[in-house]
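A.B. asks: 3D, please:
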Amino acid sequence: MDMGTRDRFKRWLRMTGVLAGVALLGLCAYIYSGYYNIAADQPHWLATTKIITALRDRSIERRTRDIVIPDLKDPGLRLKGAGQYDAMCAGCHLAPGLDNSEIRRGLYPEPPDLSRTRIDPANAFWVIKHGIKMTGMPAWGRTHDDITLWSIVAFINKLPGMTPDAYREIVREANAEVDMGSGHGTGGHGAHQHGHAQGESGH
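C.D. replies: Have a look, this model is predicted:
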């Protein structure tokens with residue numbers, strides 16, 4: 001590299017450093033100004049949405065490559081998942097015959113309607129277990145064991161296309177199983193308690 005080329009390269013490096021510094025200062029000023037509206041009732045800019053979506057999808061894809069999916073057609077697993085889903089998930093992710101809910105209306109981004117949307121089982125398990133930051137999706141793996149989480153995956157794998165009557169019936173059966181196991185009537189809350197207790201023993 002001759003002297004002239006080296007000088008031009010040094011000037012380019014200095015200019016690049018200056019521009020990067022100015023951009024960083026501008027970003028810091030924007031963050032500390034409070035100008036960005038963090039409210040959940042104000043959607044992201046389109047560019048922000050695209051960046052976050054790409055980040056989320058690639059992050060989940062990377063972390064689900066080695067997940068081994070159990071037999072999701074097991075009727076007992078699916079039945080257990082019905083009660084868990086009704087107690088833990090339906091308020092945000094809806095159910096057959098339920099078009100919206102009070103909590104869902106206030107969430108941003110809007111949770112997927114799992115009564116109409118099919119989700120890859122490995123992705124579903126990872127998201128249910130670990131949650132997603134700044135979405136309202138909790139990390140249920142902190143309070144529930146893997147078997148309980150897979151039961152939810154087994155159920156939501158069958159949920160799209162289920163009629164409201166079929167949904168109510170399988171939830172009723174699931175809650176009856178919990179009632180028989182606990183010795184007292186608890187309904188949907190009992191299904192949640194049952195999964196919670198198993199999660200504590202599993203972790």
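A.B. asks: shaky segments in the protein?
C.D. replies: 1, 180-203 (pLDDT under 70).
A.B. asks: that one: helices as residue ranges?
C.D. replies: All helices of the chain, identified by DSSP state H, fall at 3-33, 46-63, 75-88, 90-93, 102-105, 121-130, 146-158, 164-182, 187-202.
A.B. asks: residues in contact with stretch 36-50?
C.D. replies: Stretch 36-50 has contacts (CB atoms under 8 Å, 6 or more residues apart in numbering) with 30, 52, 106-108. In this view, the C-beta of every residue, glycine as well, is placed from N, C-alpha and C.
A.B. asks: nearest to Arg118 among those?
C.D. replies: Closest approach between the contacts of stretch 36-50 and Arg118, by CB to CB: Leu107, at 20.7 Å.
A.B. asks: I figured that closest one hits Ile132, correct?
C.D. replies: No: using CB atoms under 8 Å, Leu107 makes no contact with Ile132, being 11.8 Å away.
A.B. asks: circling back to that earlier point, among the helices of the chain, which is nearest Asp113?
C.D. replies: With CB to CB as the criterion, Asp113 lies closest to helix 90-93 of the helices of the chain, at 6.6 Å.
A.B. asks: can you give me the buried ones in that closest one?
C.D. replies: Going by neighbour count (16 or more other CB atoms under 10 Å), the buried part of helix 90-93 is 90, 92-93.
A.B. asks: circling back: for the helices of the chain, which one sits closest to Pro112?
C.D. replies: Closest approach to Pro112 among the helices of the chain is made by helix 90-93 (6.5 Å; CB to CB).
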